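> This is a predicted model, with the sequence first.
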Amino acid sequence: MSKYFSLEGRLIATAAIPLVAGVTISWLGIRAGFNPSLAWSAGLIISLPLLIVLIRLILAPLTSTLKSLQNGLLNFRDGDFSISLVHPKDSELRQITILYNEIGEHLRKERAHIYQRELLLDTVIQTSPQALLLVDQNDRIIYSNSSAKQLLNNGRPIQGLLLPKLLSKSPNEIASAINSWKNGIFNYADINGPHSMHIGNSSFVLNTQKHRLIVLREMTRELTRAEVEVWKKVIRLISHELNNSLAPISSLAHSGKMLVTKPGKEQALEKVFDIIADRCKHLTEFTQGYASFAKLPAPSCETISWQELVNRIMPIQAFSLKGSLPDEPGYFDPVQIEQALLNLIKNSREAGSDSKDIELEVSTDSFGQKLVLSDRGCGMSEKVLEQALLPFFSTKEQGVGLGLALCREIIDAHDGHIQLLNRPNGGLQICLWLPWKNNKN
């Protein structure tokens, strides 16, 4: 019957059987001459137990299936997906058990897939040359890789140790870098010689607890290689500039020597000396540019009014102000910021922007000071924007690539940052951001 009737239909049919039986027995009792009350009581006494027995028989598969589902869901909660349910004959209950088994199979596959991914990730992390530490909010190390063990504990396990206790046995430079929570490069030395390392910190919440991820990367080889490349580039650039000036100076000196012996050549001789002086001036500016970049002192910050800064720059490089200057004075090294702005305005003019189109906007908030210089020059391509702030990169035929790099060094020394953006209708926008005295990170 279960194949053709729903559970609701079977319950109705089951309830109808004892009802009909009770009514029939009562009717037969009355026909046989018994008292009607006694006959109806006899029918009720017989039909009720029959109803209970039949309903229990009907509901037995449902009760068994629900109990199995309960046990299976408890296993799911405990992470055990290996239990499958036997399909009952009842079509409705069969669909439920089929769905349960499909979910269990899917969860088993997902767990196996996650396990394989975790195994692969753990293998990659353990073989990584970067030292990795995961620390909980109680400063207890809950995960580390082989590089971290080798760096901080001579290869011995460190999982479960308190971070302060571990750092007390580590080199002071490493301990200081980790305790400072700063990202950047630091140096230390051991029996193998000096090392340069980069430290990165990040924090996140896992299982309602705050965790800290520390990544230490050996940078000695990369920095050494980069340093050698920079020196090679500097030497090539200096050699190129020297050859471009010394060759014509030598040739002109020889020509001047010949002209001295000839009367009436004073004008030609004067022109020779002018060209030699011009090339010497170029060499002087070239070497001074390198000297200013290499010998940039630490900023000597002080409080200065914005109007005073503008008055110092305006007579040297023309520009216009956008908006009004903040009432609150700025805090920076006035000489260095003046030099940075002069370089930027000079670049804007060389990029083809008129002086009236070069605008400086100054604003402040509780976090820092923002200086935005905008022009209507030729702008920069995406490729040039990516390299414009690098030393020795220049798109100018006679450029040495130190102007923007010097500006970046000045802003970095103030713990600020610089950003270059192309303007929608042409031109370049340069944003300089400087922190207040008490907001330096």
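Here it is on my side, so go on.
> so where do the strands sit in the stretch 251-400 of the chain?
302-304, 320-321, 330-332, 359-364, 368-374 (DSSP state E, counting those that start in this stretch).
> between those, which gets nearest to residue 167?
Judged by CB to CB, the one of those that comes nearest to residue 167 is strand 368-374, at 32.7 Å. All C-beta spots, glycine's among them, are computed from the backbone N, C-alpha and C.
> mean confidence score for the closest one?
With pLDDT averaged residue by residue, strand 368-374 scores 93.
> That strand vs strand 359-364, what angle?
170 degrees (axes from the mean of the first three to the mean of the last three CA atoms, to 10 degrees).
> for strand 368-374, packing partners?
On a contact count with 3 or more CB pairs under 8 Å, 6 or more residues apart in numbering; DSSP states H and E, strand 368-374 meets strand 330-332, helix 334-350, strand 359-364, strand 428-435.
> Tell me the strands beside that strand, with direction?
Under the criterion DSSP bridges, strand 368-374 sits next to strand 359-364 (antiparallel), strand 428-435 (antiparallel) in its sheet.
> Columns distance to residue 308, mean neighbour count and mean pLDDT on top of those, output as CSV?
As requested, the strands paired with strand 368-374 are exported to CSV (distance: least, CB to CB, whole Å; neighbours: other CB atoms under 10 Å; pLDDT from 0 to 100):
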stretch, distance to residue 308, mean neighbour count, mean pLDDT
strand 359-364, 12, 18, 93
strand 428-435, 16, 20, 91
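> now for these, which one comes closest to residue 76?
Here strand 428-435 is closest among the strands paired with strand 368-374 (CB to CB), at 52.9 Å.
> how about the strand or helix carrying residue 198: buried residues?
Residue 198 is located in strand 193-206, with elements delineated by DSSP states H and E. Neighbour counts using 16 or more other CB atoms under 10 Å place 195, 196, 197, 198, 199 of strand 193-206 among the buried residues.
> Specify which member of the residues you listed is nearest to residue 276.
Ranked by distance to residue 276 (CB to CB), these are led by residue 196 at 45.2 Å.
> returning to that earlier point: so for the strand holding residue 198, mean pLDDT?
Throughout strand 193-206, pLDDT has a mean value of 82.
> Could you list the buried residues of the helix or strand following it?
Next along the chain after strand 193-206, taking DSSP H and E as the criterion, comes strand 209-218. For strand 209-218, burial by neighbour count (16+ other CB under 10 Å) applies to 211, 212, 214, 215, 216, 217, 218.
> these two touch, right, the fourth one and residue 199?
The reference is to residue 215. Yes. Counting by CB atoms under 8 Å, residue 215 touches residue 199, with 7.2 Å between them.
> mind checking how far residue 207 is from residue 125?
20 Å (CB to CB, to the nearest Å).
> Looking at these two now, which is surrounded by more residues?
residue 125 (16 against 6; other CB atoms under 10 Å).
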